[in-house]
Structures are given as structure tokens and as C-alpha cells.
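Quick one: sequence plus predicted model below, questions after.
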Amino acid sequence: MKIKTPTFMAVGLTKYVLCILTLTIVAAPLTVHAQTSSPAPNTELKEKGPFSRLGLTDAQKAKIKEIRLNTRTQIENVLTPEQKEKLKAAYQARREQGQGTGQRLGKRQRQGGLASLNLTDDQKAKIRQIRESSKQQIEAVLTPEQQAQLRQLQENWKARRQQRNSQ
């Protein structure tokens with residue numbers, strides 16, 4: 001005995017399957033685009049900033065990224081657990097504040113993380129030494145031409161900063 005399916009059910013099922021297929025075909029490219037359109041955080045050097053203008057090779061970018069990560073770790077090792085927590089909260093607040101605005105943060109806002117930690121003189125000296133070492137390591141990665149370009153960019157920024165401060 002063969003059960004006959006009403007035609008309206010077969011038509012409804014066909015429409016349902018077609019609808020699902022259409023949605024799948026349309027939605028797949030959108031989800032791929034959504035996944036690839038936003039870059040992963042902290043995976044590469046920032047597109048803006050001094051290093052973007054120096055024409056760094058991929059090897060130089062990787063080495064500078066490594067130096068920056070080591071510098072951050074060394075600085076965190078100088079801090080007490082309470083200071084680390086406070087710094088982490090400041091980084092998070094800064095990230096949320098600047099997210100999507102495209103605005104540059106002022107010097108006080110950028111340094112607000114460490115400046116708000118009530119560092120001892122010894123901690124300040126160690127951090128200063130770590131930063132200087134990091135700067136020297138990064139400069140060693142650059143070619144002489146890139147070093148000259150970086151110095152020129154830094155001089156230009158200092159001149160602009162002094163000009164803004166004098167107004």
C-alpha cells in the first residue's frame with residue numbers, strides 16, 4: 001500500500017528547501033567577508049605610526065614585534081601584582097575609549113597607564129632602561145637609510161609638538 005502525499009505538502013516542502021538553499025548561498029559569502037574584514041588584534045605592526053613609513057620587510061616587522069612583546073613583558077615584571085592589575089584595567093579602558101573613533105590619544109592618555117601606577121624611583125629607572133634598550137634593539141633591526149628616515153620623522157614630530165605647545 002502506497003501512501004500518497006498531498007501535493008500541497010510536496011510544494012510546501014520544495015519551497016522550504018529552496019528557501020534554505022537560497023539563504024545558505026547568500027549568507028555564506030557574507031559570513032566569510034565578516035570574518036576576514038577585521039584584522040586580528042596585535043598580530044602585525046600598526047598600519048599607522050613611524051614604522052609604516054619606513055618600508056619594513058616582513059622579517060623586520062616580525063623582529064620588531066618580538067622586541068615589543070619582550071619589552072612589555074620586561075616592564076610588567078618590574079611591576080607589583082597590584083600595579084599589573086591597574087595597568088591592565090587602564091589598557092582596557094584606553095582600548096574601549098579609542099575603539100572605532102580613529103582619534104589619536106594625547107601623550108597623557110597614552111602614558112596614563114604607567115603614570116597612574118605610583119611607580120617608585122627604582123621602578124621608573126628600570127622601565128626607562130628597558131625602553132632605552134628596546135629602542136636600541138629596534139634601531140639595530142633597521143637599515144642605515146631607515147634609521148635616518150626615523151630620525152627625520154622624530155625631528156618633524158618634535159617640531160610640530162613644539163609649534164602646537166607654543167600656540
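Cool, got the structure.

for this protein, what are the low-confidence residue spans?
The chain contains residues with pLDDT under 70 at 1-48, 99-113.

quick one, helices of it?
7-37, 58-78, 81-98, 107-115, 121-141, 144-166 (DSSP state H).

now the closest residue to Glu139 other than its chain neighbours: how far from Arg72?
Spatially, and ignoring its direct neighbours in sequence, Glu139 is nearest to Gln147 (5.8 Å; CB to CB, 6 or more residues apart in numbering). All C-beta atoms are positioned from the backbone trio N, CA, C, and that covers glycine. Separation of Gln147 from Arg72 (CB to CB, to the nearest Å) stands at 23 Å.

So for the two, which residue has more residues nearby?
Ranked by neighbour count (other CB atoms under 10 Å), Gln147 and Arg72 place Gln147 first, with 15 against 12.

For Ile67, which residues are in contact?
134, 137-138, 141 (CB atoms under 8 Å, 6 or more residues apart in numbering).

actually Arg68, not the one I typed
When contacts are taken as CB under 8 Å, 6+ apart, Arg68 is in contact with Ser134.

how close does it sit to Gln137?
Taking CB to CB, one finds Arg68 at 10 Å from Gln137.

ditto for Thr73
For Thr73, the distance to Gln137 (CB to CB) stands at 14 Å.

Between these two, which is the more surrounded one?
Set side by side, Thr73 and Gln137 show more neighbours around Gln137, with 16 against 10, by other CB under 10 Å.
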